[in-house]
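S.K.: Turn this into a model:
(one chain, ligands or ions: 1)
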Amino acid sequence: MLGDLKTSLGTLLPLIAVTVFSSLVFLTLLKKNHKVKNLPKGSLGLPYIGETLNFLRAQNQNQGVEWISERVTKYGPVFKTSLMGAPTVIITGQAGNKFVLGSDDEIFASKQPKTISEISGKHHLFELTGARYKLIKAAMVSFLKPECLQHYVKHMDDLIAKKLHSETKDRDTVKAVDLMKIVTFDVACTVLFGIHDETIKNDLLRDFTIAFTAIWSLPINFPGTHFRKGLEARGRIIRRMSPIIMKKKEDLTKGIVYPKTDVICSLLALTEDTEEPITEQEVMDNFIMLMIASHDTSANLLSLMIMKLAKDPKIYEKIREEQLRILSERQGANENLTWNEIQKMKYTWRVAQELMRITPPVFGSFRKAVKDTSFGGYDIPKGWQVFWVACGTHLNKDIFDNPTTFDPSRFEHPLKPIPPYAYIPFGAGTRMCIGNEFGRIETLVVIHHLVTKFEWSLVDPNEAIKCQPFPYPSLGLPINLKPILSSSKI
Ligand code: HEM
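M.R.: All right, here's what the predicted structure looks like:
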């Protein structure tokens, strides 16, 4: 992000133009709101830039929670700021989460920063509302619901075991973040999208890596910027994927594949059932969006788990015990994990839940007020952004006792029930994550293979976390990895 600013003087010229133009838009938005009497307290900072750089700097230093809590202390749980070029109201707390996440499209539209919509496209779930949103979401959910996913456990298990083996073979040290990104990308390509060709997968991974970086840059379309490189990567992804999508369409008509074969097929199958058939553009944009939504989030959770397990041998041992017990109770000659075995991984998942409580992969997300509304006694003008954050409830001592203590057992026997909209690593309400079950299975299978086959230690036990915007170890988490040779049934 700051690298973009430094590239060259040439880069700054379009930035100035964008800033001047956007400042005018920004001032117009504010002017329009002159009738609004009671805006939340807080600072809008400079026009357009607002408090963006300050916020991103805090995120980069893993101080996002502190950035929010300083303002909550100063202004209260609902406060105004300006982020990513637009006036923004940040709403914290359980009632606030319920208001933002529980409201429908008529009050808040799902709204992503320009970089996301330009790179992932404008025809996917995050950008859609109304009947089209429901239709496309239903097609994806038909593949992602547990009843369907349980048929893919064996496939995922095979893929993950092979990938972990091939990527760590003859290596004493690996960067765990890269390893997890490679594994989750491979699973998404193969299981979600039915792409099996290794060369295509490698090319796609290269371009998606460029696209991921561009999503968190300044939206300056100029040679050399991350954003321009991201748009070029999008072009290459489209050229590579078009023939694959066309072929699946033909195969679907011939009955060679069927809607539940993968997510692309389930989207293409919509063509026959709707008055307004699904377009290739819609399939493409939803493919790109889903790849972005599914891959980095799970890789992030897994990287944090690898870090936690290396730092806390007691938790590593308890998870390993659970996983070995599952293997020892296995009947017959089955070599693969089963759906039932996944359901037995209760402690392992509680560790993941507790990690996502303290360090959620998704810090928060934007909405846009579709009409004037109000919350907590303050007005929220039409056109303003609203930002919900997980930390407002995840670290609240009235909801979670000793909120900074890492204690997976709080998800086993909670002393008091967790209220709705308080634990939200996957969001909540209408726009709640539809891939949570896929993410859960993938995480548990990877951890199963890691703890039953490997021991590892951190190269730098003091490695810091940096939010980019996901909270990744800043050096990519290099680990010394050692295979465990003695376990039976492994
Ligand atoms: C640990 C893994 C994951 C985490 C922490 C996570 C988190 C989230 C969160 C917080 C949201 C809500 C965003 C908002 O309200 O603006 C969301 C939405 C979404 N996620 Fe996930 N996610 C994960 C894995 C996945 C996977 C594996 C997939 C796909 C297979 C996926 C697909 C989606 C989609 C499509 C949405 C948008 C839903 C909608 O707008 O209706 N996610 N995710």
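S.K.: Could you use CA atoms for every contact and neighbour count after this?
M.R.: Fine.
S.K.: Taking the stretch 51-200 of the chain, what residue is nearest to the ligand?
M.R.: Using Cα to the nearest ligand atom, the single residue of the stretch 51-200 of the chain nearest to the ligand is Phe126, 4.8 Å away.
S.K.: Correct me if wrong: that residue contacts Ser110.
M.R.: Yes: counting by Cα atoms under 8 Å, Ser110 is a contact partner of Phe126 at 6.1 Å.
S.K.: mind listing what the residue of the stretch 51-200 of the chain closest to the ligand touches?
M.R.: 110-112 (Cα atoms under 8 Å, 6 or more residues apart in numbering).
S.K.: Return the subset of those lying in strands.
M.R.: The strands, defined by DSSP state E, take in Ser110 from the contacts of Phe126.
S.K.: could I get the contacts of Phe126 as CSV with neighbour count?
M.R.: What follows is the contacts of Phe126, written out as CSV (neighbours: other Cα atoms under 10 Å):
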residue, neighbour count
Ser110, 21
Lys111, 19
Gln112, 17
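S.K.: Among the contacts of Phe126, which one sits closest to Gln343?
M.R.: Ser110 (32.7 Å; Cα to Cα).
S.K.: Which residues does that closest one form beta bridges with?
M.R.: In this entry, Ser110 is beta-bridged to Arg367, by DSSP bridges.
S.K.: Can you name the residues that contact it?
M.R.: Ser110 sits next to 126-128, 366-368 when contact means Cα under 8 Å, 6+ apart.
S.K.: Max pairwise distance over those residues: which two?
M.R.: Leu128 and Phe366 (14.3 Å).
S.K.: All the helices of the stretch 51-200 of the chain, in order from the start?
M.R.: With DSSP state H, counting those that start in this stretch applied, the stretch 51-200 of the chain shows helices at 52-60, 64-75, 94-102, 114-120, 130-144, 146-149, 153-168, 176-187, 198-215, listed in chain order.
S.K.: For the residue of the stretch 201-350 of the chain found nearest the ligand, grab the count of nearby residues.
M.R.: Ranked by Cα to the nearest ligand atom, the top residue of the stretch 201-350 of the chain for proximity to the ligand is Ser294, at 3.5 Å. Applying other Cα atoms under 10 Å, we find 21 residues neighbouring Ser294.
S.K.: Then Ser117?
M.R.: 18.
S.K.: for this protein, what are the low-confidence residue spans?
M.R.: 1-36, 271-274, 486-490 (pLDDT under 70).
S.K.: Spatially central residue for it, please.
M.R.: Thr297 (3.7 Å; Cα atoms, centre = their mean).
S.K.: Is it in contact with Pro361, as I believe?
M.R.: Yes: Thr297 is within contact range of Pro361, at 6.1 Å (criterion: Cα under 8 Å).
S.K.: How about the contacts made by the nearest residue to Gly130 once chain neighbours are set aside?
M.R.: Using Cα to Cα, 6 or more residues apart in numbering and skipping the chain neighbours, the partner closest in space to Gly130 is Asp105 (7.4 Å). Asp105 is in contact with 129-130, 370, counting by Cα under 8 Å, 6+ apart.
S.K.: Contact residues of the protein facing the ligand?
M.R.: Residues of the chain found near the ligand (Cα under 6 Å from any ligand atom) are 125-126, 290, 293-294, 297-298, 301, 361-362, 365, 425-427, 431-436, 438-439.
S.K.: Just the buried residues from these, in PyMOL please.
M.R.: To isolate the buried members of the residues of the chain next to the ligand in PyMOL, using 16 or more other Cα atoms under 10 Å:
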select buried, resi 125+126+290+294+297+298+301+361+362+365+425+426+427+431+433+434+435+436+438+439
